[in-house]
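**Student:** starting from these lines, generate the structure:
(2 chains)
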Amino acid sequence: EAAVTQSPRNKVTVTGGNVTLSCRQTNSHNYMYWYRQDTGHGLRLIHYSYGAGNLQIGDVPDGYKATRTTQEDFFLLLELASPSQTSLYFCASSKGQGISNERLFFGHGTKLSVL
Amino acid sequence: QQQVRQSPQSLTVWEGETAILNCSYEDSTFDYFPWYWQFPRESPALLIAIRPVSNKKEDGRFTIFFNKREKKLSLHITDSQPGDSATYFCAASADSAGNKLTFGIGTRVLVRP
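**Tutor:** Okay, the predicted model is just below:
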């Protein structure tokens, strides 16, 4: 089973604060994703990447930056956090395209509260 | 606008009954439709998936029915068990868009014993 590790598990910050969420996968997957989960909205894609140095824009990118430093590591950056970014954030990875490669493996999530 | 729509938002069935979850989509280029389930305080996990080359996919008590013409699909859970109580997400992606998976808002299913 693919392993995706997120840190921290919980984070509280103030409006205007600077936050970095970390994600590491150890299964040599090409794709990595950041989703946010909110009641009434399901899972919404923020940013994703298909390799080190690559970044693709998701569906709700405003207010977020991301960086894929290595095959294993994908970071989500909130430089001026706002209360609307209070959410449960999931990182996920997948091997790639094609049948049986598209399955997403999710981390345990990071609960972020912006006061 | 939502590209993947799910209904109902919540559903309660008795143990042994069949639960039917509905999903529809807008984008004709979507060609991969997985369903993920999520138990309380856990992360989502792949349950079952289908591609439009077939109109039905079965895995034990879980079956996807797919109607390409109407852009609709449904997940049937037969002989529902209390352990099936979870939130079910319909999702879709297009090969032409890489691995970008779009999720619906989910259907919360409660199976009463």
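
**Student:** so A:K11 makes contact with A:L115?
**Tutor:** No. At 11.2 Å, A:K11 does not count as touching A:L115 under the criterion of Cβ atoms under 8 Å. Where you see a C-beta, it was placed from the backbone N, CA and C, and this is true even at glycine.

**Student:** distance-wise, check B:H76 relative to B:V4.
**Tutor:** Distance of B:H76 to B:V4, given as Cβ to Cβ, to the nearest Å: 18 Å.

**Student:** and the strands in the chain, which stretches?
**Tutor:** I'll assume chain A. Using DSSP state E, the strands of chain A run over A:4-7, A:10-13, A:19-25, A:31-38, A:42-49, A:56-57, A:65-68, A:73-78, A:87-94, A:105-106, A:110-114.

**Student:** oops, wrong one, chain B.
**Tutor:** Using DSSP E, the strands of chain B run over B:4-7, B:10-14, B:19-25, B:33-38, B:45-50, B:56-59, B:62-67, B:72-77, B:86-92, B:102-103, B:107-112.

**Student:** closest to chain A out of these?
**Tutor:** In terms of Cβ to the nearest Cβ, the element of the strands of chain B nearest to chain A is strand B:102-103, at 4.1 Å.

**Student:** chain B contacts on chain A?
**Tutor:** For chain A, the residues in contact with chain B (Cβ under 8 Å from any Cβ of the partner chain) are A:31, A:33, A:35, A:40-45, A:48, A:50, A:56, A:58-59, A:90, A:94, A:96-97, A:99, A:102-104, A:106-109.
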